[in-house]
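S.K.: no sequence on this one, just coordinates:
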Ligand code: WT7
């Protein structure tokens, strides 16, 4: 294993501790560990009182709630259910009333460096006009709208406009293929799709509208009445009369005021698809009230956001991070934030640092995979090293999406944080809506590689296979013992799968299972995530189900059987390694290379380029037990290139292991 990977030994040996700088702590929202413990204690002593207080203090309610938590139908918890509010009102109108109207909400930087600034007043008008446009298409509260857009002001506007009229949005990441998009349009029952002609990333134009056309042409999308197109590049697109409309034409004559649709706190704000351990992605359904409360509150607690901050989350709006920390949380806080269209390596790998310099960003939130690739890039070319830029505006750094290995953490701390900025390593998931475990920058002493402690009100614990608590120092299964406001409400259209996936009966039906393993340090009780315990991979911070990739592979006419496992990777954290049995003879040499390329492109078409296997190995068969079960643990060892030292006595066909050692 290379030095860029976390190892169990690293974790055990990690004894560097970085207390919060006194100056930072002095003005922090939660200052010092006593303040943290006091909040935890408040939650423990009066759970509903704690959450009720926060929801009253942080959100503007059209009709106040009386019921804080309804637990009558476990695990379908209901928060603030008799309260009425609107998420867009809380993000926009509230800021017009509290003196933020002329404050810049969004600093948008296009791929080519062009900057557009949008104030709260302007954003409010844009959202209202688009909301009125959507209403003119007959879109009403409860309808689902798919958003397949580039990183743009219009992407944020589209999400906020849906929220304004009570339509539930489902954003699909622009890197997903037509087939993945079609599956999501069908599953969610979308009445409209909002897209752009093209997206621009790293100087390249990539089609979006034509992928939407392809997706709809695949069938079962009859519910889609309209496709609304944001004109980004003016590139050539097909136009279906009666169905397709330009966004600028739709908003042209619309009023800049739109009365928000007041919805129950439990009304689904959005559905976001994510990978699980079966072939079919799960539509994670989030609420309005509980979700927004946590998106806002974690901006305060974790990011310690202040009125003068310039916040930059580099995630895409297609992932949950882009929902909570671009589209909702920062706006609910009245913050100024950067929205970036491009990629970190264009025009060169100094792009992030030059943008921090240009916009005087104060809080920077990115993924370990980006940090690792920028470490490599600046090793190769010192001109793009952060030291070459004036990034002294930074005061806080964040990490998200996957474990950050201590060496990458130290580089981030020294070179980006200038040994001055705290780093918040935020552990959470699509299902949790917002941060679950993270250091508080003005309180928690940092340990590289550890997400430290749960936020107040989050009852995280580590248990064994029977649901019993494990002592610190012993690795086990990460669970959350009590419901929390921003948790997943259900899997869209599949409540049974929701129960089975997250609240399994084996654990009594009341523990939320995160799907991760974790261990707590014996002395500090800090948590370190040890990785997924299900068949889910984390590639560049993107979640991929091994079964999804396997189903894509076996859908290819050449393929008889496939098994996918993860293998450690220096840059992407994990890489996808596929073991494939063809219907015909096992290919070798150039033939094998040719088919491997074909299969990679096939997976890119079936799911999206992010799911392309890095390695494909062909065998006459897969290692199986006598009962025919694939022995994945052996495949994991082979993928790593290590020798098999485990017991193979139950293996039916040991000779196969030799064949599968070779990568193509
Ligand atoms: C999975 C969730 C968090 C939003 C973006 C990804 C892993 C996430 C961390 C972290 C270690 C992390 C977990 C989790 N993960 N953050 N700070 N340290 N692991 O959301 O696609 O739902 O993936 O990402 O394995 O279960 P997601």
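M.R.: Okay, I see it. Bear in mind the structure is a predicted one, so any value in this text is a computation, not a measurement.
S.K.: Run the chain-centre distance for the one helix or strand residue 549 maps to.
M.R.: Per DSSP states H and E: residue 549 is located in helix 546-554. Chain-centre distance of helix 546-554: 21 Å, with C-alpha atoms, centre = their mean, to the nearest Å.
S.K.: cool, stretch 267-277 as well?
M.R.: With C-alpha atoms, centre = their mean as the basis, stretch 267-277 stands 11 Å off its chain's centre.
S.K.: 621 is where my numbering starts, stick with that
M.R.: Renumbered: residue one is now 621, and that last one reads stretch 887-897.
S.K.: just to revisit the earlier point, do me a favour and average the pLDDT over the helix holding residue 1169.
M.R.: Mean pLDDT, helix 1166-1174: 93.
S.K.: Tell me the helices and strands packed up against it.
M.R.: In this structure, helix 1166-1174 makes packing contacts with strand 1179-1189, strand 1193-1202, helix 1209-1226, judged by 3 or more C-beta pairs under 8 Å, 6 or more residues apart in numbering; DSSP states H and E. Yep, even glycine has a C-beta here, placed from its N, CA and C like the rest.
S.K.: Show me which positions of that helix end up buried.
M.R.: For helix 1166-1174, the neighbour count (16 or more other C-beta atoms under 10 Å) marks 1166, 1167, 1168, 1169, 1170, 1171, 1172, 1173, 1174 as buried.
S.K.: what's the distance between residue 832 and the ligand?
M.R.: 23 Å (C-beta to the nearest ligand atom, to the nearest Å).
S.K.: if we can go back for a sec, so for residue 1058, which of the helices and strands packed on helix 1166-1174 sits nearest?
M.R.: Among the helices and strands packed on helix 1166-1174, strand 1193-1202 comes nearest to residue 1058, with 18.6 Å by C-beta to C-beta.
S.K.: quick check: angle from that closest one to helix 1166-1174?
M.R.: Here strand 1193-1202 runs at an angle of 40 degrees relative to helix 1166-1174 (axes from the mean of the first three to the mean of the last three C-alpha atoms, to 10 degrees).
S.K.: how far out from the middle of the chain is strand 1193-1202?
M.R.: 23 Å.
S.K.: and what of stretch 1181-1194?
M.R.: Per C-alpha atoms, centre = their mean, the centroid offset for stretch 1181-1194 relative to its chain is 19 Å.
S.K.: ok, residues contacting it?
M.R.: For stretch 1181-1194, contacts defined as C-beta atoms under 8 Å, 6 or more residues apart in numbering pick out 621-622, 624-625, 988-989, 992-993, 996, 1022-1023, 1157-1161, 1166-1167, 1169-1170, 1173-1174, 1195-1201, 1233-1235, 1241-1242, 1250, 1252, 1255-1256, 1259-1260.
S.K.: Could you do stretch 1271-1282 as well?
M.R.: With contacts defined as C-beta under 8 Å, 6+ apart, stretch 1271-1282 is touched by 1199, 1206, 1237-1246, 1251, 1254-1255, 1258, 1261, 1264, 1268.
S.K.: Just the buried ones out of those residues, please.
M.R.: 1199, 1237, 1238, 1239, 1241, 1242, 1243, 1244, 1251, 1254, 1255, 1258.
S.K.: Between all of the residues you listed, which two are at the greatest distance?
M.R.: The span of the buried ones among the contacts of stretch 1271-1282, defined through C-beta to C-beta, is set by 1238 and 1251 at 17.6 Å.
S.K.: The residue of the stretch 771-920 of the chain at minimum distance from the ligand: neighbour count?
M.R.: Nearest residue of the stretch 771-920 of the chain to the ligand: residue 894, at 5.3 Å (C-beta to the nearest ligand atom). Neighbourhood size, residue 894 [other C-beta atoms under 10 Å]: 20.
S.K.: my guess is it meets residue 1111, correct?
M.R.: No. At 9.7 Å, residue 894 and residue 1111 do not qualify as touching, with contact defined as C-beta atoms under 8 Å.
S.K.: what touches both of those two?
M.R.: 902, 904.
S.K.: shaky segments in this structure?
M.R.: 621-633, 1283-1284 (pLDDT under 70).
S.K.: How about the residues of it by the ligand?
M.R.: Within reach of the ligand by C-beta under 6 Å from any ligand atom, the chain has these residues: 894, 939-941, 1020-1023, 1045-1050, 1071, 1134-1136, 1149, 1152, 1158, 1163.
S.K.: So which of those belong to helices?
M.R.: 940, 941 (DSSP state H).
S.K.: For ChimeraX, write the select line for the buried members of the residues of the chain next to the ligand.
M.R.: To isolate the buried members of the residues of the chain next to the ligand in ChimeraX, using 16+ other C-beta under 10 Å:
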select :894,939,940,941,1020,1021,1022,1023,1045,1046,1047,1048,1049,1050,1071,1134,1135,1136,1149,1152,1158,1163
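S.K.: Next, work out how far apart the nearest residue to the residue of the stretch 771-920 of the chain closest to the ligand once chain neighbours are set aside and residue 819 are.
M.R.: Distance criterion C-beta to C-beta, 6 or more residues apart in numbering; nearest residue to residue 894, sequence neighbours excluded, is residue 1050 at 4.2 Å. Using C-beta to C-beta, to the nearest Å, we find residue 1050 at a distance of 22 Å from residue 819.
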